[in-house]
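Q: Got a predicted structure plus its sequence, pasted below:
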Amino acid sequence: VQLQASGGGLVQAGGSLRLTCAASGRTFTGLGMGWFRQAPGKESEFVATISWNGGTTKYADSVKGRFTISRVNAKNTVYLQMNSLKPEDTAIYYCALERLIGSDRYDYWGQGTLVTVSS
């Protein structure tokens with residue numbers, strides 16, 4: 001299984017970025033997808049998840065109202081629209097895949113994509 005995250009970059013505080021994750025290598029039917037992030041010197045943290053049909057989304061309190069997760073199953077792709085970015089959003093963002101259908105447990109791997117927000 002491959003989870004290829006892209007779309008990161010350098011942006012000023014208040015700006016926006018859209019992250020994309022393309023999944024490949026297996027069948028993803030029924031599985032939730034999401035995003036986690038890890039800031040320098042800190043542990044990784046949950047950002048957002050979305051169910052297979054898109055009907056259920058969850059967000060970390062720190063990003064609610066600013067980030068929006070979405071997915072296109074026909075493309076095995078999940079997106080993270082990030083608005084009103086803050087310096088504390090600086091981190092490597094990793095795409096995540098639900099471990100088992102309905103488990104709400106996620107694994108992430110790959111290189112991730114670096115988001116840097118300048119003040």
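A: That came through fine.
Q: contacts and neighbour counts: CA atoms only from here.
A: OK.
Q: what's the burial count for Gly8?
A: 18 (other Cα atoms under 10 Å).
Q: That one contacts Leu19, correct?
A: Yes - if you go by Cα atoms under 8 Å, Gly8 and Leu19 touch, sitting 6.3 Å apart.
Q: and for stretch 57-69, what are the contacting residues?
A: Contact with stretch 57-69 is made by 34, 46-51, 78-85, as judged by Cα atoms under 8 Å, 6 or more residues apart in numbering.
Q: Contacts only, for the residue nearest in space to the middle of the chain.
A: What sits nearest the mean C-alpha location of the chain, by Cα atoms, centre = their mean, is Trp35, with 2.5 Å. If you count contacts by Cα under 8 Å, 6+ apart, Trp35 has them with Phe46, Val47, Ala48, Thr49, Leu80, Tyr93, Tyr94, Cys95, Ala96.
Q: Okay, and the beta partners of the first one?
A: When you say that, I think you mean Phe46. Phe36 (DSSP bridges).
Q: any idea how far Lys75 is from it?
A: In this structure, Phe46 and Lys75 are 23 Å apart, going by Cα to Cα, to the nearest Å.
Q: Between the two, tell me which one has more neighbours.
A: In terms of neighbours (other Cα under 10 Å), Phe46 is the more surrounded of Phe46 and Lys75; the figures are 19 against 10.
Q: roughly how far apart are the more buried one and Tyr93?
A: Taking Cα to Cα, one finds Phe46 at 10 Å from Tyr93.
Q: Give me the common contacts of the two.
A: Trp35, Phe36, Arg37.
Q: which element is the closest residue to the first one other than its chain neighbours on?
A: On the basis of Cα to Cα, 6 or more residues apart in numbering, the spatially nearest residue to Trp35 that is not a chain neighbour turns out to be Cys95, at 4.7 Å. Assigned by DSSP states H and E, Cys95 falls within strand 91-98.
Q: Give me the phi and psi for Pro87.
A: Main-chain torsions, Pro87, degrees, to the nearest 10: phi -50, psi -30.
Q: per-residue pLDDT, it?
A: The model reports Pro87 with a pLDDT of 97.
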